[in-house]
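[1] structure of the sequence below:
(chains A and B)
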Amino acid sequence: GAVVSQHPSWVICKSGTSVKIECRSLDFQATTMFWYRQFPKQSLMLMATSNEGSKATYEQGVEKDKFLINHASLTLSTLTVTSAHPEDSSFYICSASGRESDFGNQPQHFGDGTRLSIL
Amino acid sequence: SQELEQSPQSLIVQEGKNLTINCTSSKTLYGLYWYKQKYGEGLIFLMMLQKGGEEKSHEKITAKLDEKKQQSSLHITASQPSHAGIYLCGAGYQGGSEKLVFGKGTKLTVNP
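    Presented below is the predicted three-dimensional model:
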(Lines give C-alpha, C1' and ligand atoms only; values in the text may rest on other atoms or scores of the structure.)
Protein backbone atom coordinates (compact mmCIF):
# COMPACT_ATOMS: atom_id res chain seq x y z
CA GLY A 1 0.00 0.00 0.00
CA ALA A 2 0.80 3.73 0.16
CA VAL A 3 1.81 4.24 -3.46
CA VAL A 4 2.45 7.70 -4.85
CA SER A 5 2.66 8.17 -8.58
CA GLN A 6 4.45 11.16 -10.07
CA HIS A 7 4.27 12.09 -13.72
CA PRO A 8 6.12 12.81 -15.90
CA SER A 9 9.38 11.28 -14.79
CA TRP A 10 11.45 13.33 -17.22
CA VAL A 11 10.85 16.60 -19.05
CA ILE A 12 13.03 18.53 -21.47
CA CYS A 13 11.66 21.79 -22.76
CA LYS A 14 12.60 25.20 -24.05
CA SER A 15 13.09 28.24 -21.87
CA GLY A 16 9.84 30.15 -21.32
CA THR A 17 7.66 27.03 -21.35
CA SER A 18 5.37 26.19 -18.44
CA VAL A 19 5.61 22.65 -17.14
CA LYS A 20 3.03 20.79 -15.07
CA ILE A 21 3.96 17.90 -12.79
CA GLU A 22 1.29 15.64 -11.30
CA CYS A 23 1.41 13.78 -8.01
CA ARG A 24 -1.22 11.16 -7.22
CA SER A 25 -1.80 8.99 -4.20
CA LEU A 26 -3.08 5.74 -5.67
CA ASP A 27 -4.37 3.78 -2.69
CA PHE A 28 -4.93 6.26 0.10
CA GLN A 29 -6.35 9.71 0.68
CA ALA A 30 -3.61 12.28 0.98
CA THR A 31 -4.69 15.07 3.27
CA THR A 32 -1.34 16.74 2.82
CA MET A 33 1.09 16.76 -0.07
CA PHE A 34 4.58 18.18 -0.13
CA TRP A 35 6.76 19.36 -2.98
CA TYR A 36 10.53 19.16 -2.77
CA ARG A 37 13.42 20.12 -4.94
CA GLN A 38 16.70 18.25 -4.93
CA PHE A 39 19.99 19.44 -6.40
CA PRO A 40 22.70 16.95 -7.37
CA LYS A 41 24.25 15.28 -4.34
CA GLN A 42 22.20 17.45 -2.00
CA SER A 43 19.36 16.71 0.35
CA LEU A 44 15.72 17.48 -0.23
CA MET A 45 14.62 21.11 0.01
CA LEU A 46 10.97 21.59 0.89
CA MET A 47 9.28 24.03 -1.46
CA ALA A 48 5.70 24.00 -0.27
CA THR A 49 3.05 22.13 1.68
CA SER A 50 -0.44 21.77 0.29
CA ASN A 51 -3.64 20.64 1.94
CA GLU A 52 -6.64 19.55 -0.08
CA GLY A 53 -8.94 22.43 -0.89
CA SER A 54 -6.73 25.18 0.52
CA LYS A 55 -3.87 27.33 -0.65
CA ALA A 56 -0.39 25.97 -0.46
CA THR A 57 2.05 27.18 2.17
CA TYR A 58 5.35 28.09 0.59
CA GLU A 59 8.73 27.97 2.27
CA GLN A 60 10.78 31.11 2.56
CA GLY A 61 12.48 32.04 -0.68
CA VAL A 62 10.16 30.02 -2.92
CA GLU A 63 8.25 32.16 -5.42
CA LYS A 64 4.59 31.21 -5.30
CA ASP A 65 3.89 32.86 -8.67
CA LYS A 66 6.68 30.85 -10.20
CA PHE A 67 5.73 27.50 -8.71
CA LEU A 68 1.96 27.15 -8.79
CA ILE A 69 0.54 24.38 -6.64
CA ASN A 70 -2.98 23.03 -6.85
CA HIS A 71 -4.35 20.36 -4.53
CA ALA A 72 -7.81 19.87 -5.95
CA SER A 73 -8.63 16.49 -4.47
CA LEU A 74 -7.48 14.07 -1.81
CA THR A 75 -5.53 12.12 -4.40
CA LEU A 76 -4.05 14.72 -6.71
CA SER A 77 -1.72 17.67 -6.41
CA THR A 78 -0.02 19.48 -9.27
CA LEU A 79 3.05 21.69 -9.45
CA THR A 80 3.32 24.04 -12.42
CA VAL A 81 6.65 25.67 -13.10
CA THR A 82 5.67 28.80 -15.00
CA SER A 83 7.90 30.35 -17.65
CA ALA A 84 10.67 27.94 -16.79
CA HIS A 85 14.30 28.98 -17.22
CA PRO A 86 17.53 26.97 -17.11
CA GLU A 87 18.01 27.75 -13.41
CA ASP A 88 14.75 25.91 -12.72
CA SER A 89 16.32 22.69 -13.99
CA SER A 90 16.31 20.26 -11.11
CA PHE A 91 14.85 17.08 -9.68
CA TYR A 92 11.39 17.67 -8.22
CA ILE A 93 9.83 15.14 -5.85
CA CYS A 94 6.39 15.06 -4.31
CA SER A 95 5.23 13.23 -1.22
CA ALA A 96 1.87 12.55 0.35
CA SER A 97 0.69 11.67 3.82
CA GLY A 98 -2.67 10.47 5.02
CA ARG A 99 -4.72 11.41 8.03
CA GLU A 100 -3.13 11.11 11.42
CA SER A 101 -4.35 7.89 12.98
CA ASP A 102 -4.88 6.89 16.58
CA PHE A 103 -1.36 5.52 16.43
CA GLY A 104 0.19 8.86 15.57
CA ASN A 105 1.52 10.48 12.46
CA GLN A 106 1.40 8.95 9.04
CA PRO A 107 4.74 8.94 7.22
CA GLN A 108 5.21 10.74 3.95
CA HIS A 109 5.29 8.50 0.92
CA PHE A 110 7.24 9.74 -2.05
CA GLY A 111 6.78 9.70 -5.78
CA ASP A 112 9.66 8.71 -8.06
CA GLY A 113 10.49 12.29 -8.93
CA THR A 114 10.56 14.39 -12.09
CA ARG A 115 13.79 15.41 -13.72
CA LEU A 116 13.24 18.78 -15.35
CA SER A 117 15.73 20.11 -17.87
CA ILE A 118 15.21 23.56 -19.36
CA LEU A 119 17.21 24.37 -22.47
CA SER B 1 22.34 26.34 10.96
CA GLN B 2 21.52 22.76 10.03
CA GLU B 3 18.95 21.34 12.45
CA LEU B 4 19.66 17.77 11.46
CA GLU B 5 23.14 16.32 11.15
CA GLN B 6 23.67 12.97 9.53
CA SER B 7 26.88 10.95 9.66
CA PRO B 8 28.87 9.63 8.00
CA GLN B 9 28.41 11.36 4.66
CA SER B 10 29.50 8.23 2.86
CA LEU B 11 30.29 4.69 3.80
CA ILE B 12 31.94 1.86 1.92
CA VAL B 13 31.68 -1.59 3.43
CA GLN B 14 32.38 -5.15 2.41
CA GLU B 15 29.39 -7.39 1.91
CA GLY B 16 28.49 -9.13 5.13
CA LYS B 17 29.70 -6.36 7.41
CA ASN B 18 27.53 -4.48 9.87
CA LEU B 19 27.20 -0.71 9.74
CA THR B 20 25.55 2.19 11.57
CA ILE B 21 24.33 5.55 10.34
CA ASN B 22 23.57 8.33 12.79
CA CYS B 23 21.17 11.23 12.76
CA THR B 24 21.33 13.99 15.38
CA SER B 25 18.87 16.81 15.91
CA SER B 26 19.71 20.12 17.53
CA LYS B 27 16.34 20.07 19.29
CA THR B 28 13.81 17.54 20.52
CA LEU B 29 11.86 16.10 17.64
CA TYR B 30 8.31 14.81 17.38
CA GLY B 31 8.96 12.04 14.90
CA LEU B 32 11.97 10.61 13.08
CA TYR B 33 11.71 8.97 9.67
CA TRP B 34 14.24 6.91 7.77
CA TYR B 35 14.20 6.70 3.98
CA LYS B 36 16.34 5.12 1.31
CA GLN B 37 16.92 6.76 -2.07
CA LYS B 38 18.63 5.54 -5.17
CA TYR B 39 20.22 8.35 -7.16
CA GLY B 40 17.69 10.11 -9.36
CA GLU B 41 14.75 8.24 -7.89
CA GLY B 42 12.16 8.76 -5.21
CA LEU B 43 12.46 7.90 -1.54
CA ILE B 44 11.44 4.58 -0.10
CA PHE B 45 10.00 4.71 3.40
CA LEU B 46 11.85 2.45 5.83
CA MET B 47 10.74 3.23 9.38
CA MET B 48 9.12 5.81 11.59
CA LEU B 49 10.03 6.38 15.25
CA GLN B 50 8.00 8.51 17.59
CA LYS B 51 8.59 7.43 21.15
CA GLY B 52 11.73 7.99 23.18
CA GLY B 53 13.69 4.76 23.41
CA GLU B 54 11.74 3.20 20.56
CA GLU B 55 13.37 0.56 18.39
CA LYS B 56 12.03 -0.96 15.20
CA SER B 57 13.39 -3.66 12.92
CA HIS B 58 12.60 -4.78 9.42
CA GLU B 59 14.57 -7.64 7.95
CA LYS B 60 18.21 -6.70 8.57
CA ILE B 61 17.64 -3.04 9.34
CA THR B 62 17.12 -1.71 12.88
CA ALA B 63 16.38 1.88 13.78
CA LYS B 64 16.50 3.35 17.27
CA LEU B 65 15.48 6.65 18.78
CA ASP B 66 17.13 7.77 22.01
CA GLU B 67 15.19 8.63 25.16
CA LYS B 68 15.67 12.36 24.68
CA LYS B 69 14.34 12.12 21.11
CA GLN B 70 17.28 13.96 19.63
CA GLN B 71 19.34 11.16 18.16
CA SER B 72 18.56 8.17 15.99
CA SER B 73 20.67 5.41 14.54
CA LEU B 74 20.09 3.05 11.64
CA HIS B 75 21.91 -0.25 11.86
CA ILE B 76 22.28 -2.75 9.03
CA THR B 77 23.35 -6.26 9.89
CA ALA B 78 25.22 -8.44 7.41
CA SER B 79 25.03 -5.88 4.62
CA GLN B 80 24.28 -6.90 1.04
CA PRO B 81 24.76 -5.09 -2.28
CA SER B 82 21.00 -4.52 -2.33
CA HIS B 83 21.41 -2.25 0.70
CA ALA B 84 23.43 0.22 -1.34
CA GLY B 85 21.90 3.64 -1.80
CA ILE B 86 21.47 6.95 -0.04
CA TYR B 87 19.93 6.85 3.41
CA LEU B 88 18.11 9.95 4.57
CA CYS B 89 16.72 10.77 7.97
CA GLY B 90 13.83 13.18 8.21
CA ALA B 91 12.70 14.91 11.38
CA GLY B 92 9.31 16.32 12.23
CA TYR B 93 9.07 18.88 14.99
CA GLN B 94 5.37 19.61 15.35
CA GLY B 95 3.24 16.53 14.86
CA GLY B 96 0.21 16.13 12.63
CA SER B 97 0.78 16.03 8.87
CA GLU B 98 4.03 17.72 9.49
CA LYS B 99 6.71 18.93 7.17
CA LEU B 100 10.05 17.23 7.56
CA VAL B 101 13.58 18.50 7.76
CA PHE B 102 15.98 16.13 6.05
CA GLY B 103 19.59 15.35 6.76
CA LYS B 104 22.07 15.53 3.91
CA GLY B 105 22.09 11.78 3.51
CA THR B 106 24.59 8.95 3.80
CA LYS B 107 25.75 7.28 0.64
CA LEU B 108 26.24 3.58 1.28
CA THR B 109 28.30 1.39 -1.03
CA VAL B 110 28.43 -2.35 -0.38
CA ASN B 111 31.20 -4.16 -2.21
CA PRO B 112 30.61 -7.81 -3.07
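[2] which strands and helices sit next to the lowest-mean-pLDDT helix or strand in chain B?
    One helix or strand of chain B scores below all others by mean pLDDT, DSSP states H and E: strand B:100-102, with a mean of 91. Contacts defined by 3 or more CB pairs under 8 Å, 6 or more residues apart in numbering or on different chains; DSSP states H and E place strand B:100-102 against strand A:44-51, strand B:85-92. For every residue, glycine as well, the C-beta is placed using N, CA and C.
[3] for stretch B:20-38, what is the distance to the chain centroid?
    With CA atoms, centre = their mean, to the nearest Å as the basis, stretch B:20-38 stands 5 Å off its chain's centre.
[4] please identify the buried residues of it?
    Of all the residues in stretch B:20-38, those buried under the rule 16 or more other CB atoms under 10 Å in any protein chain shown are B:21-25, B:29, B:31-37.
[5] and stretch B:85-93 with chain A, contact?
    Yes. Residues of stretch B:85-93 contacting chain A under CB under 8 Å from any CB of the partner chain: B:88, B:90, B:92.
[6] for the nearest residue to B:T77 once chain neighbours are set aside, give its distance to A:T57.
    Distance criterion CB to CB, 6 or more residues apart in numbering or on different chains; nearest residue to B:T77, sequence neighbours excluded, is B:K60 at 4.7 Å. Distance of B:K60 to A:T57, computed by CB to CB, to the nearest Å: 38 Å.
[7] one more: B:Y87?
    B:Y87 sits at a distance of 28 Å from A:T57 (criterion: CB to CB).
[8] which of these two has more residues huddled nearby?
    B:Y87 (24 against 14; other CB atoms under 10 Å in any protein chain shown).
[9] who's that one bridged to?
    B:K36, B:T106 (DSSP bridges).
[10] thought it was touching B:S73?
    No. B:Y87 is not in contact with B:S73 according to CB atoms under 8 Å; the separation is 11.1 Å.
[11] which neighbours do these two have in common?
    Taking CB atoms under 8 Å, 6 or more residues apart in numbering or on different chains as the contact rule, B:Y87 and B:S73 both touch B:I21.
[12] residues near the nearest residue in space to A:D65 that is not next to it in sequence, how many?
    Distance criterion CB to CB, 6+ apart; nearest residue to A:D65, sequence neighbours excluded, is A:T82 at 7.1 Å. Using other CB under 10 Å, A:T82 is surrounded by 15 other residues.
[13] A:T82 against A:I69, yeah?
    No. Counting by CB under 8 Å, A:T82 stays clear of A:I69, with 11.3 Å between them.
[14] low pLDDT regions in chain B?
    B:1-2, B:95-97 (pLDDT under 70).
[15] would you confirm that A:T49 contacts B:K99?
    Yes. Shown here, A:T49 and B:K99 form a contact pair, counting by CB under 8 Å, at 5.4 Å.
[16] mind checking pLDDT for A:S101?
    Confidence at A:S101, expressed as pLDDT, is 57.
[17] check the one 3 residues further on too.
    pLDDT, A:G104: 58.
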